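Enquirer: Got a predicted structure here, sequence first:
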Amino acid sequence: MENVLYVIPNLNYHKGFLKSALVNLVLTNQRIIVAHVKKELIQEAREEAKARGDGFFKRLASGWTMHERYYDMSPEDVLKEAPENFSIPLREINEVKLKSGNVDEGKKDEMEIKWKEKSKFSGDMNQREIKKRLSDLGVKVKGGGLFGF
């Protein structure tokens, strides 16, 4: 049975020249689902927070913590959530490259998934955890260790 193992939240997905989208990467035991974060979903999360009686800042942050709900969703529901969502089967991944950013230079961490195409993502990510999770699933991962080795 397929289940959600780990979520890498709030990354920029680089679709092409100067085009990017905010996404969450949902790792299951069979694939990586690229889940687009839509304005409507953030709004929905904020309205739910308001309905719960959460304060202003908690409501504001709810858009950034909404990825946590993926742990309670089926992978199929995550995939169907937005028409732009797609998945990358783990068995089709040739390699994942992780590159640490540099806070001082304003550079984000980077992740490149090589499969039938190259999918590039950037943002704040726990590269050590990502490397461990993917390696445990048999995916070849370069970088992401201590000091990027």
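Expert: Received it, and whenever you're ready, just let me know what you need.

Enquirer: On the pLDDT front, check Lys140 for me.
Expert: With respect to pLDDT, Lys140 scores 96.

Enquirer: what sits against it?
Expert: For Lys140, the residues meeting the contact criterion (Cβ atoms under 8 Å, 6 or more residues apart in numbering) are 93-96. Heads up, the C-betas are built off the backbone N, CA and C, glycines and all.

Enquirer: Got a quick ChimeraX command for the buried subset of those residues?
Expert: A single ChimeraX command selects the buried members of the contacts of Lys140 (16 or more other Cβ atoms under 10 Å):
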select :93,96
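
Enquirer: from the contacts of Lys140, which two are the most distant?
Expert: Across the contacts of Lys140, no pair lies farther apart than Asn94 and Val96, at 8.8 Å, counting by Cβ to Cβ.

Enquirer: intersection of neighbour lists for those two?
Expert: Between them, Asn94 and Val96 share the contacting residues 114, 140, judged by Cβ under 8 Å, 6+ apart.

Enquirer: Select the helix or strand of the chain having the lowest average pLDDT value.
Expert: Ranked by mean pLDDT, DSSP states H and E, the weakest helix or strand in the chain is helix 56-65, scoring a mean of 60.

Enquirer: Just after it, pick out the following helix or strand.
Expert: The element immediately downstream of helix 56-65 (helix or strand, assigned by DSSP states H and E) is helix 75-80.
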